[in-house]
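Peer 1: Predicted model, plus sequence, below.
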Amino acid sequence: MAEDFRGKLGGLDDEELGRFLGHDALARLACLKPDGAPYVVPVWYQWDGEAMWFVGRERSAWCKYIQNDGRVSVVVDSEHSPPDESGQRTEIPKVMMEGIAEIVEEPNVGGKWVEVAKEMSYRYLGPNGPEYLTGTISQPRWLIKMTPSNVRTWQGLGWARRYWVEGTGGATFEEAHGG
C-alpha cells in the first residue's frame, strides 16, 4: 500500500511506549533557571514504567535548577526506532512528559545512583557500558526522579486530526493521510 511509509499513526500504547523508552534515545530535559528562563539539556535516563530517573554530576547546573524548582518537561524522540524482534518499527516516535522532579539523592559517592547509572550504561553503551563508570565512580552524583503527571505520545508520518484545519482549499484530512 502506498501509505505504508507513514507507519502506524497515533499515540503509542503502553507496550510501544515501554519498548521505545527502553532504547538508547537521549531525553531532552527542560527545567527552569532561578530567573525563570528555560534550560534544556540532553541527558541519559532510565524509565521504570512509572518514572524517569536521571543521574547528574555534582556540578551539573540542571540538577541545581531542579533542586530550586522541580517543574520539568521531558522529550524523547527518534527519527526511527530500531526494529523489534519481528522487524516492526515504530515510525518517528515521540514522547512528551511533564511533571515534578524530586531530588532522591544529593551529590554523593556510592549511593543508589550507582545502580541506576550502571543500568543506563548498559543501555546506552552496550555490554561494556559499566567500564565507562569505572574511572569516575568516585565522583559525586545526584539521583533525580520525575514521575510524569502528563504524558503525550505520537508515532507515524502524519498530523493528529486536532491540528487539521478543513476548508482551506487543500486536501481533506482523509485525503492527506490516505484515509
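Peer 2: That came in fine, so what should we check first? This is a predicted model, so every value here is computed, not measured. Numbers count the residues shown, from 1 in each chain.
Peer 1: This structure: strands as residue ranges?
Peer 2: Counting by DSSP state E, the chain has strands at residues 27-32, 38-43, 46-47, 52-57, 71-77, 94-108, 141-154.
Peer 1: now, of the ones you listed, which is deepest in the fold?
Peer 2: strand 52-57 (a mean of 23; mean count of other Cβ atoms under 10 Å). No exception for glycine: its C-beta is placed from N, CA and C like everyone else's.
Peer 1: Make a markdown table from the strands of the chain and add distance to L17 and mean pLDDT to it.
Peer 2: Below are the strands of the chain laid out as a markdown table (distance: least, Cβ to Cβ, whole Å; pLDDT from 0 to 100):
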| stretch | distance to L17 | mean pLDDT |
| --- | --- | --- |
| strand 27-32 | 14 | 98 |
| strand 38-43 | 19 | 98 |
| strand 46-47 | 9 | 97 |
| strand 52-57 | 12 | 98 |
| strand 71-77 | 10 | 97 |
| strand 94-108 | 7 | 98 |
| strand 141-154 | 6 | 97 |
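Peer 1: Switch those strands over to CSV; also include distance to G135.
Peer 2: What follows is these, written out as CSV (distance: least, Cβ to Cβ, whole Å):
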stretch, distance to G135
strand 27-32, 24
strand 38-43, 20
strand 46-47, 21
strand 52-57, 13
strand 71-77, 27
strand 94-108, 18
strand 141-154, 14
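Peer 1: For L12, which of the ones you listed is the nearest?
Peer 2: strand 141-154 (4.0 Å; Cβ to Cβ).
Peer 1: Adjacent strands (with direction) for that closest one?
Peer 2: strand 52-57 (antiparallel), strand 94-108 (antiparallel) (DSSP bridges).
Peer 1: So what touches the longest one?
Peer 2: The one in question is strand 94-108. 12, 17, 20-21, 31, 52, 54, 58, 63, 66-67, 70-77, 111-113, 140-155 (Cβ atoms under 8 Å, 6 or more residues apart in numbering).
Peer 1: For the helix ranked longest in the chain, name the packing helices and strands.
Peer 2: Looking across the chain with DSSP state H, the single longest helix is helix 113-125. Judged by 3 or more Cβ pairs under 8 Å, 6 or more residues apart in numbering; DSSP states H and E, the packing partners of helix 113-125 are strand 46-47, strand 52-57, helix 129-134, strand 141-154.
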